[in-house]
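In: based on what follows, work out the 3D shape:
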Amino acid sequence: MKFVFSVCLLVSALSVAWAADDRIYRCGNEYTNTVSEAQAKNCKLISGGNVTVIQAVKPPPGKSSAPRGDSADQRAKDSDARLILEGELKKAEARQAELLKEYNNGEPEKLGPETRNYQKYLDRVADLKAAIARGEADIAGIKRELARVAQQGGSSSSGASNSNGK
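Out: This next block holds a predicted model:
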């Protein structure tokens, strides 16, 4: 058994030594392991460590990050985005109104188990307060996004307006 293990260890050590014999040359931003090419381009030998080169993927010619066009398709997308945002704003404002009504200026009505356990009441009040703060942040974010969409829509089509009800 020791003999088989020793042979396997010797074979793996020799294969590592053989693989380490490959020399890598750096030619500016390119790497090569061809000696003749390295000598022709006056490349420098890289010593120590492994080199991994990943080729960059070029985007297809049809797909570019060009500025937005004035197409009817883009105007339709902008209109859809604005309608979705306005719907989300209405939902968020309705949730916020419900939370504020339940919060009752910091004194919500006590529920059944809260009459006996005051800590449960305090926890619910704190949760309501946190939910109100999150709701206000959500509403502010949706309004910012609506303003951005309206601004983009205004630059690509005339007459875009922000009709969020406020």
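In: E102 against P108, yeah?
Out: Yes: counting by C-beta atoms under 8 Å, E102 does reach P108; the two are 5.6 Å apart. Glycine gets a C-beta too; all of them are placed from N, C-alpha and C.
In: neighbour count for these two, which is higher?
Out: Taking other C-beta atoms under 10 Å, E102 and P108 do not tie; P108 has more neighbours (16 against 13).
In: next one: the helix or strand where E88 lies to chain centre, how far?
Out: Counting by DSSP states H and E, the element that carries E88 is helix 72-103. Here helix 72-103 shows a centroid-to-chain-centroid distance of 22 Å under the convention C-alpha atoms, centre = their mean, to the nearest Å.
In: thinking again about what came up before, now do the shared contacts for E102 and P108.
Out: With contacts taken as C-beta atoms under 8 Å, 6 or more residues apart in numbering, E102 and P108 have L128 as neighbours in common.
In: re the thing from before, in the helix holding E88, which residues are buried?
Out: The neighbour-count check on helix 72-103 (16 or more other C-beta atoms under 10 Å) flags 75, 78, 81-82, 85-86, 88-89, 92-93, 95-96, 99, 103 as buried.
In: now G28: how far from K58?
Out: For G28, the distance to K58 (C-beta to C-beta, to the nearest Å) stands at 19 Å.
In: hang on, L45 is in a helix, isn't it?
Out: No: assigned with DSSP: H, G, I helix; E, B strand; the rest coil, L45 falls outside any helix and is strand.
In: that one touches R23, doesn't it?
Out: Yes: under the criterion of C-beta under 8 Å, L45 makes contact with R23 at 6.0 Å.
In: show me which of those two is the more surrounded one.
Out: Shown here are L45 and R23; by other C-beta under 10 Å, R23 has more neighbours (13 against 10).
In: now stretch 109-122: average pLDDT?
Out: Averaging pLDDT along stretch 109-122 yields 90.
In: check which helices and strands the longest helix anywhere in the chain sits against.
Out: Using DSSP state H, we find that the single longest helix of the chain is helix 118-156. Packing partners of helix 118-156 (3 or more C-beta pairs under 8 Å, 6 or more residues apart in numbering; DSSP states H and E): helix 72-103.
In: angle of the helix it packs on against helix 118-156?
Out: Going by axes from the mean of the first three to the mean of the last three C-alpha atoms, to 10 degrees, helix 72-103 is angled at 160 degrees with respect to helix 118-156.
In: distance check, R124 against R95.
Out: In terms of C-beta to C-beta, R124 sits 17 Å off from R95.
In: tell me the first helix or strand C-terminal of the helix or strand bottoming out on mean pLDDT in the chain.
Out: When the helices and strands of the chain are scored by mean pLDDT, DSSP states H and E, helix 2-20 comes last with a mean of 57. Following helix 2-20 in sequence order, the next helix or strand is strand 24-27 (DSSP H and E).
In: this completes my enquiry, with thanks.
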